[in-house]
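Trainee: Need coordinates for the following:
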Amino acid sequence: MSVQKVRVGIVGAGANTRARHFPGFQSIDGVEVTGVCNRTPESTKRVAREFNIPRQYSDWKDLIAADDVDAVLIGTWPNLHCEITCAALEAGKHVLTEARMARNLQEAKQMLAASEQHPDLIAQVVPSPYGLTCGPLVEQLIRDRFLGDFRELVVLGADDIFWDYSIPLHWRQDQEISGLNVLAMGILHETALRWSPPPVHVFAQSHIFEPQRPNLQTGEYSDVTVPDSVQILTQLEGGGRGLYHISGITLFGPGKQIHLYGSRGTIKIEFEPEERVFVGHHGDSTLKAIEIPEAQRGQWRVEEEFIGAIRGEEKVVLTDFATGVKYMDFVDGVSRSSAEAKVVALSEC
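Mentor: Alright, predicted model coming up:
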């Protein structure tokens, strides 16, 4: 039986696009990457040659208007996600946008509204990769009431990626490009939402310890406009509590982890250098590592899920726009709380 042909155009060919999306799409039967538009004509030409893409575009507007494009992958920096998403949906194209979903909650809601005006089109955010491997196992433990009643959530994303102030300004440190998200906060929160009750209130503090960085574009120093450290307290739906430590200037920090604490047990997940799950139940003397059974080992299947949804074979689970708006609501709440030094209630997105 023949499969529905899907032609994909790609705007923005950064590291993740080249490592995952190009090979992911090109490995699916009946899918063709027909066009690409990168930041410069030179880089567009290199990408087209590397991945054997027939058409090159100097303007993303021309790509989304093309008759031989059914779906658009947006791999740009977050400052263009909203504009390109809304234009692509209006042009009748399915959309897969790279995380971060948008720069702020307002843009994310605009994207969601645009997708709701075109319910026949698939709108998906590239999901957090953290927890994809161990997710089915953790979800089964939670369903089996291993934790008991949920009590506390701890989210750690603390390392030294930006400790050295002589390293040039990164786009993630420029709020105009990156938006309100801080380091891995949004992506770890998205993962936590798969396993934890959602937060209803947040109280946050943040700081920029290294206020200037060399700017390779100008040859001078530029201001850092995104915090390199944030701590967050949350009240969860149902009465639980949460604690976040997100930092890029922490020498010998704990890296990326999520801890789930309940009335009967604990689940601790470490994400680097590989995903590992530790569990402990009442009566145990210590936490113990458990193997992830092959039958419960998840994997990256973003492109496959996107194409499957377009073909009507499945629904988007990781991550639809409504879920993206939920984590952008958290990002917005953290930013407001830190700026105003007060507890902020999250909206019911």
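Trainee: quick one: furthest residue from the center of the chain?
Mentor: Relative to the centre of the chain, the most outlying C-alpha is that of residue 283, 37.0 Å out, by Cα atoms, centre = their mean.
Trainee: For the protein, give me the ranges with low pLDDT.
Mentor: Within the chain, the ranges that satisfy pLDDT under 70 run 1, 348-349.
Trainee: any chance you could read off phi and psi for the residue farthest from the centre of the chain?
Mentor: Backbone torsions of residue 283, given as degrees, to the nearest 10, read phi 100, psi -20.
Trainee: Please apply the same query to residue 265.
Mentor: When quoted as degrees, to the nearest 10, the phi and psi of residue 265 stand at phi -160, psi 180.
Trainee: Please apply the same query to residue 56.
Mentor: Main-chain dihedrals, residue 56, degrees, to the nearest 10: phi -120, psi 140.
Trainee: got it, and residue 200?
Mentor: Dihedral angles of residue 200 (phi, psi; degrees, to the nearest 10) stand at phi -110, psi -20.
Trainee: beta partners for the closest residue to residue 341 other than its chain neighbours?
Mentor: Distances taken as Cβ to Cβ, 6 or more residues apart in numbering place residue 205 nearest to residue 341, at 7.6 Å, with adjacent residues excluded. All C-beta atoms are positioned from the backbone trio N, CA, C, and that covers glycine. Beta bridges link residue 205 to residue 231, judged by DSSP bridges.
Trainee: so residue 205 touches residue 230, yeah?
Mentor: Yes. The pair residue 205 and residue 230 qualifies as a contact (Cβ atoms under 8 Å) at a distance of 7.1 Å.
Trainee: between the two, who's got more neighbours?
Mentor: Taking other Cβ atoms under 10 Å, residue 205 and residue 230 do not tie; residue 230 has more neighbours (23 against 14).
Trainee: Going by residue numbers, what spans are helices in the stretch 51-200 of the chain?
Mentor: Remark: helices assigned in the stretch 51-200 of the chain by DSSP state H, counting those that start in this stretch are 60-65, 81-90, 105-116, 135-143, 175-178, 185-193.
Trainee: Single out the most deeply packed of these.
Mentor: helix 185-193 (a mean of 24; mean count of other Cβ atoms under 10 Å).
Trainee: what's that helix packed up against?
Mentor: strand 150-158, strand 241-247, strand 255-262, helix 321-340 (3 or more Cβ pairs under 8 Å, 6 or more residues apart in numbering; DSSP states H and E).
Trainee: please redo it, this time with the cut-off set to 6 Å
Mentor: Contact analysis of helix 185-193 by 3 or more Cβ pairs under 6 Å, 6 or more residues apart in numbering; DSSP states H and E lists strand 150-158, helix 321-340 as its packing neighbours.
Trainee: who does the first one pair up with?
Mentor: Going back to what we said before, that points to strand 150-158. Here strand 150-158 is paired, per DSSP bridges, with strand 241-247 (parallel), strand 255-262 (antiparallel).
Trainee: if we look at the last one, which residues are touching it?
Mentor: Right, strand 255-262. Strand 255-262 is contacted from outside by 147-152, 154-157, 159, 192, 195, 267-272, using Cβ atoms under 6 Å, 6 or more residues apart in numbering.
Trainee: Now a ChimeraX select for only the buried ones of those residues.
Mentor: Selection of buried members from the contacts of strand 255-262 for ChimeraX, criterion 16 or more other Cβ atoms under 10 Å:
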select :147,150,151,154,155,156,157,159,192,195,267,268,269,270,271
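Trainee: Ramachandran angles for residue 160?
Mentor: phi -110, psi 30.
Trainee: That one - nearest residue in space that isn't next to it in sequence?
Mentor: Nearest non-adjacent residue to residue 160, counting by Cβ to Cβ, 6+ apart: residue 251, 5.1 Å away.
Trainee: and that neighbour, helix, strand or coil?
Mentor: Three-state call for residue 251 (DSSP: H, G, I helix; E, B strand; the rest coil): coil.
Trainee: I appreciate the help and will end here.
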